[in-house]
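Novice: just to be clear, the model below is a prediction. Sequence and coordinates:
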Amino acid sequence: MEILFRPEGIHVPAIDLWLDPRTPVGSAWLSHAHSDHARGLHRTVIATRITAGIYRHRWPLPAGREQEVLRLDPGETMEFRGARLTALQAAHILGAAQLLIEYEGERTVYTGDIKLAAPICGWATEIMPCDRLIIESTFALPIYDFLSAAEAKERIVRFAAESVAAGLVPVFLGYGLGRGQEIVHTLTEAGLPCAVHGAIAGLIPYYEAEGISFPGWEPYERRKDETRPLVVTPGLQDSLAAPAARIRVALVSGWAAVDSARARSGADVLIPYSDHAGFLELLAIVEQTGARRVDIVHGYAEPLARLLRQRGLDAVAAVASATEVQV
Amino acid sequence: MKALAACAEAVAAAPGRNEKIARVAAYLTTLGDDDLARAVLYLSGRTFPASDRRKLSVGHATLREALVQVTGWDLEMIGTCYREVGDTGETVALLVRRHTQGQEMTLAQAEALYAELEQARRTARKVELLAGAFRTFDWLALKYFAKGITGNLRIGLQEKMVEEALAAATGLAGDVVRGANNRSGDLARVARAARSGTIGEIEAVLFHPLDFMLAKPLDAVGDLADPGEWWVEDKYDGIRAQAHIDAGRVRLFTRGLEETTAAFPEVILGLAPLPGPLVLDGEILAWREGRALAFSVLQQRIARKQVSAKTMAEVPVIFLAYDLLLFGGELQFTVPVEQRRRELERLGLRHLAPQVRLSSHGEIEERFLAARGRGNEGLILKRAGSLYESGKRGGNWLKVKRPYGTLDVVVTAAEQGHGRRASVLSDVTFAVRSGDRYLNVGKAYSGLTDEEIRQLTVLFKAATVERYGRVSLLRPEVVLEVAFDGVQQSPRHKSGYALRFPRIVRWRQDKGAEDCDTLERVREMYEASLR
């Protein structure tokens, strides 16, 4: 089955299906709801129920426009233009899924963004044996080796508790969808009510709908006398009302694995936790699928491809365009 | 080492200088005497005391080879990782994490390992020692062990701050610890003495460089309140140097505290007969017919390990003394300038900077012009009765010099910085215009604010034409104003010239590449400097 890696996204011409296209197309599989994957108004969208819901929130349908939304939840299969499509759980953000495409006897899996073990909010990856694997490589260097979800939760709670005890305001930097809610969930579950910035707060209802609880969070308001932990999107720490001398900033991200992230983000404390796989997890995913052909997108594609070729796989860095990755 | 690593990580995350010092001090108080001595060294980014003749010659290639052996990743992968991390010690730690048994490394073990690495002659043996350590010890301890090898921890902790922490941890004044470390160049010994209350007994060690006293610029002659209270000497445009002399042995150190003995054999021969022990402060100058030649001439003698007889004949060099730091076995820091001068004059030196007492404001201008007429840079004023304030720029020495000039230059390449600046393009190569071409004349690292660097990084990324590793070649668009101390000939740049000590004065957002200065202007400045 031919697969084309184009600046607009990944295209499967035999069934005219696009995987996470960047511009509007006919039919699109949306692996998860981050805006560099789920964007634009395609004629037909295939996604999990959760992904479709958040996508709709971020890309409302203008009046008079129509769109076909086909729900495909993990474990479900559908016929599509002569191929069989099966959604599989992907450990990434809430609702993320891989797509298995079976066509003319060949099994291809597109991972989307992925790691192996379950994130703080979300499910574990289901490994599906396949002939060909299309996998991401955001952190495909051996220096990237992240905390487990349990370790990350412990570090988040400890940083917040220690800062509060020292009379300082802990500020967490996390992206609007995924990391932000995971931090808020972790803090509130540990009995640390926090104030949450708008971009993160707006998506909390989608998490609550899946039974994830956030007891005692409040929307962030600019207050000079703030004492609660704050959860904000990166870059925002400079515009907080609390005086700089009173805040302590933590970055929870895969990029926090490297000390220079401190200068880059302005954070004092680095908590290296990601919803992408570290290097060894990526290798484990590739190995466990048994795929002989591996196409690598998004990130350190070339180093990973070279390594897999040394191990006898037919591996190609399939990078068509510059990527903007949400973590 | 695990506790030292934890301390270093806490220092990296601490917001300010005082907070960092407090964390180091808290850690130091937990240590016994032996470990205290080791810890202050390692936290200063040293493997051996400064005055110790041992030097660890372990390069990046050796470290990478050990990483290949331990991790199984090839050099290309390790190189990619290094570029991403921007620090060798950190790269080592992140890569060996899954390959080490994770045993605790004691400070004594680190010390023994550094000593063994220093002893090892063959690279293969060094690789073997490193690989053994990488397989054995806790990765966070290895991070700081390896950072020690490269000589920079990159946690915002300077040796002066470690001295202050040691002072705080032992209940001494900061100046007492600083003074003892300056005299002995052995912070480990200072730490032991601080514990045993014998710090006052630490004497100056010859053949280890002492901090130089520095001069503050005097911007306007009228700023000087009482001209009659000052001694005046010419300010020479050479290499500031310290000569250590004893029993026929001589070593020369530059202001950066680097040794430069081998480059100037005739100076060594000339100083060797002097009665030691003796430490002189002065200037290395290219010298002919009783006057100094331009720095661009002296430049031909710099950084040479061996000097040919021909070069020595073409560019004769002298050491011109102007102060006395150690005499009769005693440090002279607390001796007034007049008395130091008297002893200096009695030594019978061949070259001694003339010194006179100033009388009026008008005389400064006169003497300044006369000094310039002799090819010197300007004047140095030394306050009557003042002491030698080693390592300080305290205002008891003043310098009178005119800035050489500034040029508007255009940036042609930018490079990722290191450490804190590893993620931004902070180091810039710049050029002047020659017809429709832009030819490089220098490279600068500092002078802009972090915010400007961030903004420029965005512009540089947009203007990048090609990338070679850490370096991005740019379309010439961004114009900077740079100040510098002179123009010299340079075979390295196509323009044929390089600016001396260039530093960025400001970002000229009002100018485009076509408005920058020309090669012709640089050539004129160079020609003028030879006159």
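Specialist: The structure has been received and is ready for your questions.
Novice: double-check that A:His11 belongs to a helix.
Specialist: No - under the criterion used here (DSSP: H, G, I helix; E, B strand; the rest coil), A:His11 is strand, not part of a helix.
Novice: what's the nearest residue to it once chain neighbours are set aside in contact with, if anything?
Specialist: The shortest distance from A:His11 to any non-neighbouring residue, by CB to CB, 6 or more residues apart in numbering or on different chains, is to A:Leu4 (4.4 Å). C-beta here means a position set from N, CA and C on the backbone, and glycine is covered the same way. A:Leu4 makes contact with A:Ile10, A:His11, A:Val12, A:Pro13 under the criterion CB atoms under 8 Å, 6 or more residues apart in numbering or on different chains.
Novice: then A:Trp123 would be within a strand, right?
Specialist: No - using three-state DSSP, the assignment for A:Trp123 is coil, not a strand.
Novice: I'd say it and A:Leu88 touch.
Specialist: No - counting by CB atoms under 8 Å, A:Trp123 does not reach A:Leu88; the two are 10.1 Å apart.
Novice: get me the contact residues on the stretch 101-250 of chain A for chain B.
Specialist: A:Leu141, A:Pro142, A:Ile143, A:Tyr144, A:Asp145, A:Ala245 (CB under 8 Å from any CB of the partner chain).
Novice: domains for the chain, by residue range?
Specialist: Defaulting to chain A. Annotated domains of chain A cover A:4-143+A:276-317, A:149-271 [automatic domain parsing].
Novice: wrong one, I was asking about chain B
Specialist: Listed domain ranges for chain B are B:217-401, B:405-530 (source: automatic domain parsing).
Novice: among those, which gets the worst mean confidence?
Specialist: Ranked by mean pLDDT, the domains of chain B bottom out at domain B:405-530, with a mean of 85.
Novice: start to end distance for that domain?
Specialist: Chord length of domain B:405-530, first to last residue, is 16 Å (CA to CA, to the nearest Å).
Novice: tell me the residue of the stretch 51-200 of chain B that sits nearest chain A?
Specialist: Closest contact between the stretch 51-200 of chain B and chain A, by CB to the nearest CB, is at B:Leu94 (3.9 Å).
Novice: before we move on, what SS does that residue have?
Specialist: From three-state DSSP, the assignment for B:Leu94 is helix.
Novice: for the residue lying closest to it once chain neighbours are set aside, which residues are in contact?
Specialist: In space, and not counting its chain neighbours, B:Leu94 is closest to A:Ile143: 3.9 Å by CB to CB, 6+ apart. Taking CB under 8 Å, 6+ apart, we find A:Ile143 in contact with A:Ala257, A:Val258, A:Phe279, B:Cys81, B:Glu84, B:Val85, B:Thr91, B:Leu94, B:Leu95.
Novice: at 10 Å instead, please
Specialist: The neighbours of A:Ile143, taking CB atoms under 10 Å, 6 or more residues apart in numbering or on different chains as the test, are A:257-258, A:278-279, B:77-78, B:80-82, B:84-85, B:90-91, B:93-95, B:97.
Novice: same deal with B:Glu415?
Specialist: B:421, B:425-429, B:443, B:445, B:460, B:468-472.
Novice: comparing A:Trp123 and A:Leu88, which shows the higher neighbour count?
Specialist: Neighbour count, other CB atoms under 10 Å in any protein chain shown: between A:Trp123 and A:Leu88, A:Leu88 has more, with 20 against 16.
Novice: now residue 206: phi and psi?
Specialist: Because you didn't say which chain, this covers chain A. Main-chain torsions, A:Tyr206, degrees, to the nearest 10: phi -70, psi -30.
Novice: so it touches A:His57, yeah?
Specialist: Yes - counting by CB atoms under 10 Å, A:Tyr206 touches A:His57, with 7.2 Å between them.
Novice: give me the common contacts of these two.
Specialist: A:Ala33, A:Leu177.
Novice: so these two - more neighbours on which side?
Specialist: When A:Tyr206 and A:His57 are compared for neighbours, A:Tyr206 comes out ahead with 19 against 14, by other CB under 10 Å.
Novice: which residues sit in contact with that one?
Specialist: A:Ala33, A:Ile50, A:Thr51, A:Gly53, A:Ile54, A:His57, A:Leu94, A:Gly95, A:Leu177, A:Gln181, A:Ile212.
Novice: repeat for A:Ala83
Specialist: A:Ala83 touches A:Met1, A:Val12, A:Ala14, A:Ile15, A:Leu17, A:Leu100, A:Ile101, A:Glu102, A:Tyr103, A:Glu104, A:Glu106, A:Thr108, counting by CB under 10 Å, 6+ apart.
Novice: kindly report the same for B:Leu352.
Specialist: B:Leu352 sits next to B:Glu233, B:Leu280, B:Gly282, B:Leu320, B:Ala321, B:Tyr322, B:Arg341, B:Leu344, B:Glu345 when contact means CB under 10 Å, 6+ apart.
Novice: over to B:Ala292?
Specialist: B:234, B:236-238, B:283, B:285-286, B:298, B:318, B:320, B:374-377.
Novice: 7 Å - rerun?
Specialist: Neighbouring residues of B:Ala292 by CB atoms under 7 Å, 6 or more residues apart in numbering or on different chains: B:Tyr236, B:Asp237, B:Gly238, B:Leu285, B:Ala286, B:Gly375, B:Asn376.
Novice: name the member of those with the most neighbours.
Specialist: B:Leu285 (26 neighbours).
Novice: any idea whether it is helix, strand or coil?
Specialist: Classification of B:Leu285 by three-state DSSP places it in strand.
Novice: return the distance of it relative to chain A.
Specialist: Distance of B:Leu285 to chain A, computed by CB to the nearest CB, to the nearest Å: 42 Å.
Novice: what is that residue paired to in the beta sheet?
Specialist: Beta-bridge pairing of B:Leu285 under DSSP bridges involves B:Ile318.
Novice: how near is it to B:Pro217?
Specialist: B:Leu285 sits 21 Å away from B:Pro217, going by CB to CB, to the nearest Å.
Novice: cool, and B:Gln455?
Specialist: B:Gln455 is 30 Å from B:Pro217, by CB to CB.
Novice: repeat that for A:Val232.
Specialist: Computed as CB to CB, the A:Val232 to B:Pro217 distance reads 45 Å.
Novice: and these two? Which one has more around it.
Specialist: A direct count of neighbours by other CB under 10 Å for A:Val232 and B:Pro217 places A:Val232 higher, at 24 against 11.
Novice: that one pairs with what?
Specialist: A:Leu173.
Novice: right, and A:Arg223 touches A:Ala241 too?
Specialist: Yes - contact status for A:Arg223 versus A:Ala241: in contact at 5.6 Å, counting by CB atoms under 7 Å.
Novice: return the subset of the contacts of B:Ala292 lying in strands.
Specialist: Judged by DSSP state E, these include B:Leu285, B:Ala286 as members of strands.
Novice: dump the residue contacts of the residue nearest to B:Ala6 when sequence neighbours are not counted.
Specialist: Nearest non-adjacent residue to B:Ala6, counting by CB to CB, 6+ apart: B:Leu140, 7.3 Å away. Neighbouring residues of B:Leu140 by CB under 7 Å, 6+ apart: B:Lys2, B:Ala5, B:Ala93.
Novice: which parts of the stretch 251-400 of chain B are strands?
Specialist: Assigned strands in the stretch 251-400 of chain B, in chain order: B:278-288, B:291-292, B:317-327, B:330-331, B:356-357, B:378-383, B:397-401 (criterion: DSSP state E, counting those that start in this stretch).
Novice: can you list the strands that the helix or strand following the last one pairs with?
Specialist: Same thing as strand B:397-401. Toward the C-terminus, strand B:397-401 is succeeded by strand B:405-416 as the next helix or strand (DSSP states H and E). The strands that strand B:405-416 pairs with in its sheet are strand B:425-434 (antiparallel), strand B:471-474 (antiparallel), strand B:479-484 (antiparallel) (by DSSP bridges).
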